[in-house]
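Visitor: When you get a sec, could you give me coordinates for this:
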Amino acid sequence: MMMTNPILFRDSLPLFDQIKPSHISPAIEGMLKEANSLIHALKVMGGSISWENFVEPIEMVSEKISRAWGQIEHLNAVVNSDDLRKAYNDNLIKLTEFYTNLSQDEALYKKYQSLKDGEIFESLTPSQKRIIDNVLREFKLGGAELNELEKARFKVIQEKLAKLSTQFEENILDATNEFSIFVGDADDLQGIPEENIKKAQSEAIEDKKEGYKFTLHFPSYLPVMQYAEDRNLREKLYRGYATRASELASPKFDNTKLIDEILALRYESAKLLGFNHFTEMSLVTKMAKSNEEVVSFLMDLANKAKPFALKDMEELSAFSKTLGIEKLEAWDIAYVSEKLRQPNIVFRKTK
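Guide: So this is what the prediction gives:
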């Protein structure tokens, strides 16, 4: 029998079409209550611990929460609404608090460490060993080894970072939704596929306006950048997209201050954990061993790729002149590239 809350449904793919904002809080609160009860029971559990009676139950409940929250995150990104956004933000706070408390739980940390140090560890599979090692690493990165004062500050930082990161994403989404261009004359839409023109017209009608509406959403934005003969239209959309949520666009969605705050808090959290900077802390969970290694890799990649990129740009720049574009700009690249790909165009590279 299917559960009444579609977020908790696990027998097949997620039921995205049935999930409503009102389902979110009951689902998350119920799962967090279940998880907290389980964790409490495991902490006070006597006798020896094993993968089956300790690690596996935590992994199972964590996967359940992760699957549910993944559905909510996806919906918040693709069908954002005021009610969905509120439910998302309210429960993000609860989840952040849950995971921060979990990563700072010394009793739980010690039990994982005892499992790592015990004889039973050697009998585990490589995957099981890796999971335990990763959990211990997350405890350290979550502040389990900090003193009480540092833990309190670290928790505040994590909660602030969660809120700021969400606000950052919301500003981009809101800035994208706010921007639009209306074109009155169909003659200015030459080159754009007919289906995209019809869509632009229907969107203008929905706004009770004449003409054709173009936005920064990719189904509207990309066809213009690739096919529109009107270079002016391409430039306006490109500049709108490139300056979303910045000081060059709508002030109410400017992410500049948020970026400064996020960087400062990341640096502080890294210092609390004993790292020199956030990059050093971030690399603990990655393959690269140091920021120098990352920079070296990127520079080597750039040096090898640059000659080919320059050659491509030279070809595009030369071809653009045959289209009447004397100086190739960023808003011309997709358009000129599309023209160059067309098989009916013969292109002879100029010397």
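Visitor: Pop out the phi and psi values for residue 213.
Guide: Listed backbone geometry of residue 213 is phi -100, psi 130, with angles given as degrees, to the nearest 10.
Visitor: nope, residue 323 is what I meant
Guide: Dihedral angles phi and psi of residue 323 (degrees, to the nearest 10) take the values phi -100, psi 0.
Visitor: ok, it touching residue 339?
Guide: Yes. Taking Cβ atoms under 8 Å as the definition, residue 323 is a contact partner of residue 339 at 6.2 Å. Heads up, the C-betas are built off the backbone N, CA and C, glycines and all.
Visitor: just the helices in the stretch 201-350 of the chain please.
Guide: If you assign secondary structure with DSSP state H, counting those that start in this stretch, the helices in the stretch 201-350 of the chain sit at 218-227, 231-242, 256-272, 278-282, 291-322, 333-341.
Visitor: Regarding residue 155, what is its secondary structure?
Guide: At residue 155 the chain is in helix, as set by DSSP: H, G, I helix; E, B strand; the rest coil.
Visitor: for it, what are its contacts?
Guide: Applying Cβ atoms under 8 Å, 6 or more residues apart in numbering, one finds that residue 155 lies in contact with 97, 100-101, 104, 143.
Visitor: Quickly note the distance from it to residue 48.
Guide: 32 Å (Cβ to Cβ, to the nearest Å).
Visitor: Compare residue 323 and residue 339 and say which one has the larger neighbour count.
Guide: Between residue 323 and residue 339, counting by other Cβ atoms under 10 Å, residue 339 is the more crowded of the two (20 against 16).
Visitor: Double-check that residue 182 belongs to a helix.
Guide: No. Counting by three-state DSSP, one finds residue 182 to be strand, located in no helix.
Visitor: wait, doesn't it sit right on residue 213?
Guide: Yes. Contact status for residue 182 versus residue 213: in contact at 5.6 Å, counting by Cβ under 8 Å.
Visitor: okay, and the common contacts of those two?
Guide: Taking Cβ under 8 Å, 6+ apart as the criterion, residue 182 and residue 213 both touch residue 204.
Visitor: With neighbour numbers in mind, choose between those two.
Guide: Neighbour comparison, residue 182 and residue 213: the larger count goes to residue 213, with 19 against 14 (by other Cβ under 10 Å).
Visitor: list the contacts for that one?
Guide: 180-182, 200-201, 203-204, 207, 220.
Visitor: 6 Å - rerun?
Guide: For residue 213, the contact set (Cβ atoms under 6 Å, 6 or more residues apart in numbering) comprises 180, 182, 200, 203-204.
Visitor: where in the stretch 201-350 of the chain is pLDDT low?
Guide: Counting by pLDDT under 70, the stretch 201-350 of the chain shows low-confidence ranges at 343-350.
Visitor: Distance of residue 45 relative to residue 38?
Guide: Counting by Cβ to Cβ, the gap between residue 45 and residue 38 amounts to 10 Å.
Visitor: ok so, going back, which one of the contacts of residue 213 has the most neighbours?
Guide: Compared across the contacts of residue 213, residue 200 has the highest neighbour count, 25 neighbours, by other Cβ under 10 Å.
Visitor: Quick check: nearest residue in space to it, chain neighbours excluded?
Guide: Nearest residue to residue 200 in three dimensions, chain neighbours excluded: residue 212, at 3.9 Å (Cβ to Cβ, 6 or more residues apart in numbering).
Visitor: Just confirm that neighbour contacts residue 202, I think it does.
Guide: No. The pair residue 212 and residue 202 fails to qualify as a contact (Cβ atoms under 6 Å) at a distance of 9.3 Å.
Visitor: what's residue 191 sitting at in phi/psi?
Guide: For residue 191, the backbone dihedrals are phi 100, psi -30 (criterion: degrees, to the nearest 10).
Visitor: number of nearby residues for it?
Guide: Residues near residue 191, counting by other Cβ under 10 Å: 16.
Visitor: what's the answer for residue 319, then?
Guide: Other residues near residue 319 number 20, with proximity taken as other Cβ under 10 Å.
Visitor: Do I have it right that it meets residue 338?
Guide: No. Contact between residue 319 and residue 338 fails when scored by Cβ under 6 Å: they sit 11.2 Å apart.
Visitor: how about the nearest residue to residue 140, chain neighbours excluded?
Guide: Taking Cβ to Cβ, 6+ apart as the measure, residue 140 lies nearest to residue 273, with 7.4 Å between them; neighbours along the chain are not counted.
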